[in-house]
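[1] how would this look folded up:
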Amino acid sequence: MNGGVGQTGSGSIQIASGSISLLAGNGIQIGSGTVSSSAGGITWLAGGDITFGTGSQITDGNNGAVTLEAGYNFANNSVQSGAGTLI
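    So this is what the prediction gives:
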């Protein structure tokens, strides 16, 4: 993912055998801020869980897209029922 104010592009995190966590109180703002995708999108694909800690958030003011897929099977390019949760 691109970082820094004024950077452009889209970002993704892909983890086949693990989980993705956004720790409590942290945030991602699409379009500006610490992680910027300038009205692009953020995609998180995890073979395990995707977890948001208390008070964490993803925000957007520029019509960006957010895709969160827990339990993702990279071999089949699809989400597997019961394999991961969005918490």
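
[2] For the helix or strand of the chain with the lowest mean pLDDT, buried residues please.
    Least confident helix or strand of the chain, by mean pLDDT, DSSP states H and E, is strand 27-30 with a mean of 78. For strand 27-30, the neighbour count (16 or more other C-beta atoms under 10 Å) marks 28-30 as buried. Placement of C-beta: from N, CA and C, glycine included.

[3] Would you mind writing the CA trace of the helix or strand just after it as PDB?
    Downstream of strand 27-30, the first helix or strand assigned by DSSP states H and E is strand 41-46. Extracted in PDB, the C-alpha atoms of strand 41-46 (Å, rounded to 0.1, in the frame of the first residue of the first chain):
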ATOM      1  CA  GLY A  41      -9.300   1.000  -3.400                       C
ATOM      2  CA  ILE A  42      -8.100  -1.200  -0.600                       C
ATOM      3  CA  THR A  43      -8.200  -5.000  -0.900                       C
ATOM      4  CA  TRP A  44      -7.500  -7.400   2.000                       C
ATOM      5  CA  LEU A  45      -7.500 -11.200   1.200                       C
ATOM      6  CA  ALA A  46      -6.800 -13.500   4.100                       C
END
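
[4] Please name every helix or strand in contact with strand 41-46.
    Applying 3 or more C-beta pairs under 8 Å, 6 or more residues apart in numbering; DSSP states H and E, one finds that strand 41-46 contacts strand 11-15, strand 27-30, strand 65-70.

[5] cutoff 7 Å now
    When contacts are defined as 3 or more C-beta pairs under 7 Å, 6 or more residues apart in numbering; DSSP states H and E, strand 41-46 packs onto strand 11-15, strand 65-70.

[6] So, low pLDDT: which residues of this structure?
    1-10, 31-40 (pLDDT under 70).
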